[in-house]
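Visitor: Give the three-dimensional model of this entry:
(3 chains)
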Amino acid sequence: MTLGKGSHVYLIDGSGYIFRAYHALPPLTRKSDGLPVGAVAGFCAMLHKMLMGFGNSGPTHLAVVFDHSSKSFRNDLYEGYKAQRPPPPEDLRPQFPLIREATRAFGVPAVEMKGFEADDLIATYARQAVEAGAEVTIVSSDKDLMQLVGPGVTMLDPMKNLTIGPDEVRAKFGVAPDRVIDVQSLAGDSVDNVPGAPGIGVKTAAQLIEEYGDLDTLLARAEEIKQPKRRETLIEKADQIRLSRDLVTLKQDVPVEHGLDEFPVEKPEAEKLLGFLAEMEFRTLSNRIADALGAEPPVIEAKRAPEAPASKAAPAGAEGPGAVRAMPKLDPDAYTIIRKAADLAALLDEARESGHLCIDLETTSLDEMVAEIAGIALSPAPGRAAYVPVGHVTGEGDLLGAAERAPDQMALDDALAALREILVDEAILKIGQNLKYDLKVLRRHGIDVRPFDDTMLMSYALDSGLGGHGMDELSERHLGHRPVPIKELIGSGKSAITFDRVPIDKAATYAAEDADVTIRLWHKLRPRLAAERVSTVYHTLERPLVPVLADMELAGILVDRDLLSRLSNGFAQKMAGLEDEIQKLAGRRFNVGSPKQLGEILFEEMGLEGGVKGKAGAWGTGADVLETLAAQGHDLPARVLDWRALSKLKSTYTDALPNHINPETGRVHTSFSLAATSTGRLASTDPNLQNIPVRTEEGRQIRTAFVAAEGNVILSLDYSQIELRIFAHMAGIDALKKAFRDGLDIHAMTASEVFGVPIEGMDPMVRRQAKAINFGVIYGISAFGLANNLRIPQAEAKAFIDAYFERFPGIRAYMDTTKQTARDQGYVTTLFGRKIHTPGIKLKGPHRGFAERAAINAPIQGTAADVIRRAMIRIPEALTDHKLSGRMLLQVHDELLFEVPGDEADKTAKVVKAVMEGAAAPAVEISVPLVVDAGKGQSWAEAH
DNA sequence: GTTATCACG
DNA sequence: GACGTACGTGATAACA
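Guide: Numbering: from 1, shown residues only, chains lettered A, B, ... in the order given. Model prediction:
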């Protein structure tokens, strides 16, 4: 059929279809082999619906147009074009060729061309069709195609089934279709990274174009514009705007290989199409389409899925071929209790044979520093597990002590002696869940366990952000099995007993099950590491940190008990005075520590304005509320704030810390959790030594109680502005990067740029505001949040942010693409490849805002966490190499604390500083220097 | 056990 | 245009 008057050409934007299909459907996979096919299915359904939906006015010619690749001639014009765009999701990539195949199976030409985008081909064909006198319908909702709308050309939004004509284009861009290019050139596009004119959006652009007629006139007469800012932008950025025009203008003269004549509409060949659908194993769709074609639906066999691909990827040599086949069912009766050396030896032989052994210690305390071993659970293979009781007592009727050793157990020393050979054998992999705990306990018995794998850390590397990584949770998630809760054995709360008092048979079932579950988890998770590209993360950022942290925790930090006690007394006295004052002001006695009672006093009895009830119906009495009241001149809330500050210091620090001093070492041993945060940061518990006060003078006194032992000093080294530096690098903000390279005061420089004031003699308030914006930006800034932080009107905060984005182009694009990546992939990554999953990003409503800000923050916070992890892993060796005897004690996110002999302090600082500043290399080259500040003193307060 | 509050980066 | 927010943690006391 020749093209001419009366012809109607349909040009389908294939790429738009693909992404819509991908997002519209859940991630379906082909049953027989797990090939992702969700987008293929969606694409076929959409194409079928379109082809069936034509009435009498259907097309005479039809083609689906695709992007050839992500690169086009526009990349030669402008390096940054679409540079911020994340790669397509991993499960979508293999579907691209299948979708072209699907198109052809429908009897529809699939058109693409190297060096050009689908939009350019569509533009070219549309022009050819119009010139031949034909009608054109472009099936797409992409705004970039709207410039083509005009006489003979309309668009059709396939999802909403809406026709887009000149009126709809005007509604979108504020101008007629033939001026859309002008508007786009000015407004730019953050998604495609078209720069445009900074500070000018679609609204302003349309207004300007309406006023001046077209872009060239506007640029020529730019000096007539009244608004000074706008005028300057248009004059200064004229070249950038012209470049943007080249980028957004679709090419209408692509030298296409096939003419429209070659694309007549044809009925699909039933055999070919149904064959393809059968190959994809689309049962419902095959039936529906066969019905429409009047053909027999194809037979799709219900093929059984073969063995999970995971087993193929299982480490060769780690176990016999097929060892992972089907795991035996969990069966408590299959577990054994080992009471004799010979039985233990037999089990250990199995481990020698297989090359790995799962181990799990049962002890009398969660505190590794005091825990005694009650028994040892071992599992060489799924379904095979044993418990070796070594320290159980008979606790019956004799809870006050004088417990007798339970009969028929191996001696702890004998069991450890037999185990030691395996535990230190380089050829046998030890497997455990949260092995840092077991490693520490065994270290106290003189055993250095290696090598090892930790299922908790594997889960963390794979699934951070998707849930917890404790054993019970992992068992439910991956094995569909709920292990016996420890509570059922030892009880909870005050009446809880220690594990050594649990009857051996019950203990054995519980403990052996844990070992069995752990080794099953290992078999599940280990092959996923490589398949999901987190092996490096696990092997370089997670696992090697375990012994480093174990050493730090075992070292502990010296705390001056008497000093804390004196501070506590001082706080108590001041609090008593404040309490009297507060009661007098209130007119009656009440519990100042009760937010409920305080709320009633303030907002009911005293009748103060500005009270807000929370969801629970209680008056809010947070610091922000009290501060507002205090600023209005009310004394009572001001005193309560003072009281609360002291109460916090006393209860959480000066009173609680002494209880954590280990009686044997006289030091405080925190525990660092490796898998507690979603971002890769550590967390410190029992006690938390990452939140010791520093911001107020009274709080800092508590740091004077963290001291160095005789003859030593405390050394503190911290990264300066690490998150902002990483942000400048990741978002590619040249002005920020340069400021860091030049060693400028980054907040002052920001203030100077955003508010246009000189750095010399800057008002500290102005700098403070810029600092808040800089912090805000790494938290996923919002006008509301900034307004709250700075206590300024939201409109003002918004103006700050707008000015900031305008001054630092690239920030908004970075934020948008990060969000897009999170939506496409379901996770974001750090520079070192750590994945942080963002399941909340798909939610609707306010929840999504949360998830988006978290997604923006995660790569930044996570990369900083990776950097310091790398440093920590290298430091012990660096110290040894330089014959330094100092010890690393604490990590506080961007700070490391050491205790070193006084005469080694300066050299240690130099060595550690070098390691920290170079920690990103060689894996990643950060285009901004990392700077570390060092300090030393008798206490943490002096060193910091 | 949950909630409100507040300590840190 | 409205929604309702700054990111990540842990410990304590009050309260149900």
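
Visitor: Next, whatever residue of the stretch 701-850 of chain A ends up closest to DNA strand C: secondary structure please.
Guide: Across the stretch 701-850 of chain A, the shortest distance to DNA strand C (Cβ to the nearest atom of the strand) belongs to A:Gly776, at 2.0 Å. From N, CA and C alone the C-beta is placed, and that goes for glycine too. Three-state assignment for A:Gly776 (DSSP: H, G, I helix; E, B strand; the rest coil): helix.

Visitor: Was I right to think it contacts A:Asn789?
Guide: Yes: counting by Cβ atoms under 8 Å, A:Gly776 touches A:Asn789, with 7.0 Å between them.

Visitor: Please identify which of these two sits among more neighbours.
Guide: Comparing A:Gly776 with A:Asn789 by other Cβ atoms under 10 Å, the one with more neighbours is A:Gly776, at 20 against 16.

Visitor: Just list the residues touching the more buried one, thanks.
Guide: A:782, A:785-786, A:789, A:801 (Cβ atoms under 8 Å, 6 or more residues apart in numbering).

Visitor: Return the per-residue confidence for it.
Guide: Listed pLDDT for A:Gly776 reads 92.

Visitor: swap in A:Asp686?
Guide: Looking at A:Asp686, the pLDDT reads 92.

Visitor: C-terminal to the lowest-mean-pLDDT helix or strand in chain A, what's the next element?
Guide: Across the helices and strands of chain A, mean pLDDT, DSSP states H and E gives its lowest value to helix A:309-313, namely a mean of 38. Elements were assigned by DSSP states H and E; along the chain past helix A:309-313, the next helix or strand is strand A:336-337.

Visitor: Just the buried residues of the helix or strand that that following strand is followed by, please?
Guide: Following strand A:336-337 in sequence order, the next helix or strand is helix A:341-354 (DSSP H and E). Residues A:344, A:347-348, A:351, A:354 are the ones in helix A:341-354 that count as buried (16 or more other Cβ atoms under 10 Å).

Visitor: And the average pLDDT for helix A:341-354 is what?
Guide: Per-residue pLDDT over helix A:341-354 has a mean of 93.

Visitor: How about A:Asp718, nearest residue that isn't a chain neighbour?
Guide: Nearest residue to A:Asp718 in three dimensions, chain neighbours excluded: A:Glu895, at 3.7 Å (Cβ to Cβ, 6 or more residues apart in numbering).

Visitor: Let me have the contacts of A:Gly776 in JSON lines, adding pLDDT, secondary structure and distance to A:His481 as columns.
Guide: Output for these, formatted as JSON lines (pLDDT from 0 to 100; DSSP: H, G, I helix; E, B strand; the rest coil; distance: Cβ to Cβ, whole Å):
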{"residue": "A:Ser782", "pLDDT": "88", "secondary structure": "coil", "distance to A:His481": "43"}
{"residue": "A:Gly785", "pLDDT": "90", "secondary structure": "helix", "distance to A:His481": "43"}
{"residue": "A:Leu786", "pLDDT": "92", "secondary structure": "helix", "distance to A:His481": "48"}
{"residue": "A:Asn789", "pLDDT": "90", "secondary structure": "helix", "distance to A:His481": "46"}
{"residue": "A:Ile801", "pLDDT": "93", "secondary structure": "helix", "distance to A:His481": "49"}
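
Visitor: coming back round to it: state the distance from the residue of the stretch 701-850 of chain A closest to DNA strand C to A:Tyr335.
Guide: Plainly put, A:Gly776 is 55 Å away from A:Tyr335 if you go by Cβ to Cβ, to the nearest Å.

Visitor: Pick out the residue of the stretch 151-300 of chain A closest to DNA strand B.
Guide: For the stretch 151-300 of chain A, Cβ to the nearest atom of the strand, closest residue to DNA strand B: A:Ser190, 26.3 Å.

Visitor: was I right about that residue contacting A:Lys819?
Guide: No: using Cβ under 8 Å, A:Ser190 is not in contact with A:Lys819, being 11.0 Å away.

Visitor: pLDDT below threshold where in the stretch 51-200 of chain A?
Guide: Along the stretch 51-200 of chain A, the parts satisfying pLDDT under 70 run over A:55-56, A:84, A:86, A:90.

Visitor: now swap in chain A and tell me
Guide: Along chain A, the parts satisfying pLDDT under 70 run over A:1, A:32, A:34, A:55-56, A:84, A:86, A:90, A:301-326, A:395-402.

Visitor: How is it divided into domains?
Guide: As assigned by automatic domain parsing, chain A contains the domains A:8-262, A:337-395+A:420-556, A:723-864, A:865-943.

Visitor: Start and end of the longest one, how far apart?
Guide: The first and last residues of domain A:8-262 sit 14 Å apart, counting by Cα to Cα, to the nearest Å.

Visitor: do it and DNA strand C meet at all?
Guide: No: for a cut-off given as Cβ under 7 Å from any atom of the strand, domain A:8-262 has no contacts with DNA strand C; the smallest distance is 9.9 Å.

Visitor: For the contacts of A:Gly776, could you give me a markdown table that also reports distance to DNA strand B?
Guide: Putting these into a markdown table (distance: Cβ to the nearest atom of the strand, whole Å) gives the following:
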| residue | distance to DNA strand B |
| --- | --- |
| A:Ser782 | 16 |
| A:Gly785 | 12 |
| A:Leu786 | 15 |
| A:Asn789 | 11 |
| A:Ile801 | 20 |
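
Visitor: Quick one: the residues you listed as JSON lines, columns for distance to A:Asp214 too.
Guide: Listed next are the contacts of A:Gly776 as JSON lines, based on distance: Cβ to Cβ, whole Å:
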{"residue": "A:Ser782", "distance to A:Asp214": "37"}
{"residue": "A:Gly785", "distance to A:Asp214": "41"}
{"residue": "A:Leu786", "distance to A:Asp214": "38"}
{"residue": "A:Asn789", "distance to A:Asp214": "44"}
{"residue": "A:Ile801", "distance to A:Asp214": "32"}
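
Visitor: among the residues you listed, which are in reach of DNA strand C?
Guide: Filtering those for proximity to DNA strand C (criterion: Cβ under 7 Å from any atom of the strand) leaves A:782, A:785-786, A:789.

Visitor: so which of the contacts of A:Gly776 comes closest to A:Lys203?
Guide: Relative to A:Lys203, the closest of these is A:Ile801; by Cβ to Cβ it sits at 17.6 Å.
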